[in-house]
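Undergrad: From the sequence below, what's the structure:
(chains A, B, C and D)
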Protein chains: 2
Amino acid sequence: MAQTPARTLTREGIAAAALVVLEREGLAGLSMRKVAAEAGVQAASLYWHVRNKEELLDLLGDALVADAELPPRTGGWREQYLEYGRRYRALLLARRDAAKVVAGRLTTGPHVLAVLEDQLDRLRAAGFADADAAMAAYLLSAYVQGFVLQEQSPLSAAEAAGASRGQAARAAGDVFRALPAETHPNLVALADDLTDPDMDSRFEFGLQRLADGLAALLRQR
Amino acid sequence: MAQTPARTLTREGIAAAALVVLEREGLAGLSMRKVAAEAGVQAASLYWHVRNKEELLDLLGDALVADAELPPRTGGWREQYLEYGRRYRALLLARRDAAKVVAGRLTTGPHVLAVLEDQLDRLRAAGFADADAAMAAYLLSAYVQGFVLQEQSPLSAAEAAGASRGQAARAAGDVFRALPAETHPNLVALADDLTDPDMDSRFEFGLQRLADGLAALLRQR
DNA sequence: TCGCACCCCCTAACGCCGTTAGGGGGCTAT
DNA sequence: ATAGCCCCCTAACGGCGTTAGGGGGTGCGA
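TA: Modelled structure (predicted):
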């Protein structure tokens, strides 16, 4: 556990160390002691720079979106909105447990603010009213975060035992198919559809519905 | 801490005790020891009925939707879909930390399955293709869970210090307004819209977009 | 009636956690 | 030189999830 940053600790250095620990151990394994060790320091020293673990996680949440690449400003607002959603999901999937970190957390960190600023700018330029633009932005992040959380949730502990995503999906399908057809006919009939492992398509489906709904709003006002 | 269930422990009794502890202490304060005490038992005894805490939380997640009331089967699919979303959100708001419990958790508990079965039945009856019905159901739960998580997240620790929701919203608005207008013009301009404390309206906005998007899909196929 | 097996809960302990109290080394400014 | 402050240290507290192993109670076969 060599120290990552310079000799003296900073909030940025702590965030960087936390990122390393998160990647290595996951959110459940991220402790103040391990972050401190990664930063070359004792656990109690963190409390000089950070009020508590919650505040450290706020730092981590903002650091996670630090290297977000914004979509190009080409094409219509719809394509840009879709691309925003896709890149946000990709970012959450790229770093271990990122979705769990950012989920219940409304950071006002600089990186988060920069992304939000940019997105609002595009939505207003597209003709959305102020309040609609704000809500459209929240809508997208709520959907993406909710989707990735579901996507990454272990399928009732099935795949925790080393099963691949596809195997787990098949096992989940078996659960549905094994239900009594008198009480749960739809679950039995749609077992394959409900456990389709193509997460990209499932995400895209919802994303297109969101865009369609916003397009209808834009048309009517 | 009187024992809630009968003399001998059951998985249902454990879930009931966990519900009581969750309501009293929140998810962060829910420990195996406290659940055991609530059930009139020692902590280690729980492990006879439950593999680990994760499995206890699965039980809890299913128990949380046990008393869900399904919307009436009147009106069109759209109104029923909207009402599903509203009731799901109300249910997550009704019990402390319910959203955090169910968020990263795909239970196949009996109560969850019953609700899913009913919802799929309505969507198929409305004319949605099998795969579309399955994805529409997932879409709604992803949105509701994501929204409630955001809704309940402390506004950057502002309201943790006893501030009301409205006060916290005003404080968050001040954060946006205090930003330099050259770099963040949209955040400054939309500070009020971004921090509008009327969560019901914000939720309804997204819900209507989802329904509109699904309606467009139904029309085109 | 005895004894055996099995179910279910117990006590005790391990190593980890977040957090706080209080001490002290080393720089900076007087 | 010395006062003061910044920043990290050691040590400890109470609580956590989890496991090992023991032992009462109950029902069943002999």
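Undergrad: Relative to the whole chain's centre, how far out is the host helix or strand of A:Gly85?
TA: Applying DSSP states H and E as the criterion places A:Gly85 in helix A:77-94. For helix A:77-94, the separation from the chain centroid amounts to 11 Å (computed by C-alpha atoms, centre = their mean, to the nearest Å).
Undergrad: For A:Ala63, give its distance to A:Arg78.
TA: According to C-beta to C-beta, to the nearest Å, A:Ala63 stands 30 Å off from A:Arg78. Just so you know, the C-beta spots here come from the backbone N, C-alpha and C atoms, and that holds for glycine as well.
Undergrad: name the helices or strands packed onto the helix-or-strand element of chain A with minimal mean pLDDT?
TA: For chain A, counting by mean pLDDT, DSSP states H and E, helix A:165-177 ranks last in confidence among helices and strands (a mean of 83). Applying 3 or more C-beta pairs under 8 Å, 6 or more residues apart in numbering or on different chains; DSSP states H and E, one finds that helix A:165-177 contacts helix A:185-189, helix A:191-194.
Undergrad: Is there proximity between the following helix or strand past the shortest one and chain B?
TA: Translated: helix A:191-194. Going down the chain from helix A:191-194, the next helix or strand is helix A:199-220, by DSSP H and E. Yes. Using C-beta under 8 Å from any C-beta of the partner chain, helix A:199-220 reaches chain B at A:Arg202, A:Phe205, A:Gly206, A:Gln208, A:Arg209, A:Leu210, A:Ala211, A:Asp212, A:Gly213, A:Leu214, A:Ala216, A:Leu217.
Undergrad: Give me every residue in chain A lying close to DNA strand C.
TA: Counting by C-beta under 7 Å from any atom of the strand, the residues of chain A lying close to DNA strand C are A:Gly29, A:Leu30, A:Ser31, A:Met32, A:Arg33, A:Lys34, A:Ala43, A:Ala44, A:Tyr47, A:Asn52, A:Lys53, A:Glu54.
Undergrad: Helix or strand: which one has the last one?
TA: With elements taken from DSSP H and E, the one containing A:Glu54 is helix A:53-64.
Undergrad: OK, contacts around the residue with the largest distance to the centre of chain A?
TA: The C-alpha centroid of chain A is most remote from A:Glu182, which lies 38.2 Å away (C-alpha atoms, centre = their mean). By C-beta atoms under 8 Å, 6 or more residues apart in numbering or on different chains, no residues touch A:Glu182.
Undergrad: which phi and psi does it have?
TA: According to degrees, to the nearest 10, the main-chain angles of A:Glu182 amount to phi -70, psi -40.
Undergrad: Look at A:Thr8 and say how many residues are nearby.
TA: By other C-beta atoms under 10 Å in any protein chain shown, 7 other residues sit near A:Thr8.
Undergrad: so how far is DNA strand C from it?
TA: Remark: distance between A:Thr8 and DNA strand C (C-beta to the nearest atom of the strand, to the nearest Å) = 10 Å.
Undergrad: Checking that residue next. Helix, strand or coil?
TA: On the three-state scheme (DSSP: H, G, I helix; E, B strand; the rest coil), A:Thr8 is labelled coil.
Undergrad: Just give the number of residues close to the nearest residue to A:Val175 once chain neighbours are set aside.
TA: Nearest residue to A:Val175, sequence neighbours excluded (C-beta to C-beta, 6 or more residues apart in numbering or on different chains): B:Thr108, at 5.4 Å. When counting by other C-beta under 10 Å, one arrives at 17 neighbours for B:Thr108.
Undergrad: do the same with the one 10 residues further on
TA: Neighbouring residues of B:Asp118 were enumerated by other C-beta under 10 Å; the total is 18.
Undergrad: okay, now the domains of chain A?
TA: Domain assignment of chain A by automatic domain parsing yields the ranges A:11-64, A:77-220.
Undergrad: contacting residues for A:Arg73?
TA: Contacts of A:Arg73 by C-beta under 8 Å, 6+ apart are A:Gln80, A:Arg122.
Undergrad: Retrieve the pLDDT associated with it.
TA: A:Arg73 carries a pLDDT value of 95.
Undergrad: related to what we said a few turns ago, include mean neighbour count and distance to DNA strand D when you put the helices and strands packed on helix A:165-177 into JSON lines, please.
TA: Below are the helices and strands packed on helix A:165-177 laid out as JSON lines (neighbours: other C-beta atoms under 10 Å in any protein chain shown; distance: least, C-beta to the nearest atom of the strand, whole Å):
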{"stretch": "helix A:185-189", "mean neighbour count": "19", "distance to DNA strand D": "30"}
{"stretch": "helix A:191-194", "mean neighbour count": "20", "distance to DNA strand D": "29"}
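Undergrad: possible to save the ones you listed as a markdown table with mean pLDDT and distance to B:Leu92?
TA: A markdown table is the format used below for the helices and strands packed on helix A:165-177 (pLDDT from 0 to 100; distance: least, C-beta to C-beta, whole Å):
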| stretch | mean pLDDT | distance to B:Leu92 |
| --- | --- | --- |
| helix A:185-189 | 96 | 22 |
| helix A:191-194 | 94 | 21 |
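Undergrad: So for A:Ala133, which of those helices sits nearest?
TA: Across the helices and strands packed on helix A:165-177, A:Ala133 has its closest neighbour in helix A:191-194 (34.4 Å, C-beta to C-beta).
Undergrad: Who are the packing partners of that closest one?
TA: Partner elements for helix A:191-194 (3+ C-beta pairs under 8 Å, 6+ apart): helix A:165-177, helix B:130-152.
Undergrad: Please identify the most buried of those helices.
TA: helix B:130-152 (a mean of 23; mean count of other C-beta atoms under 10 Å in any protein chain shown).
Undergrad: close to chain A, is it?
TA: Yes. Under the criterion of C-beta under 8 Å from any C-beta, chain A is reached by helix B:130-152 at B:130-136, B:138-139, B:141-147, B:149-150, B:152.
Undergrad: still on that earlier bit, more neighbours: which of A:Ala63 and A:Arg78?
TA: When A:Ala63 and A:Arg78 are compared for neighbours, A:Ala63 comes out ahead with 22 against 15, by other C-beta under 10 Å.
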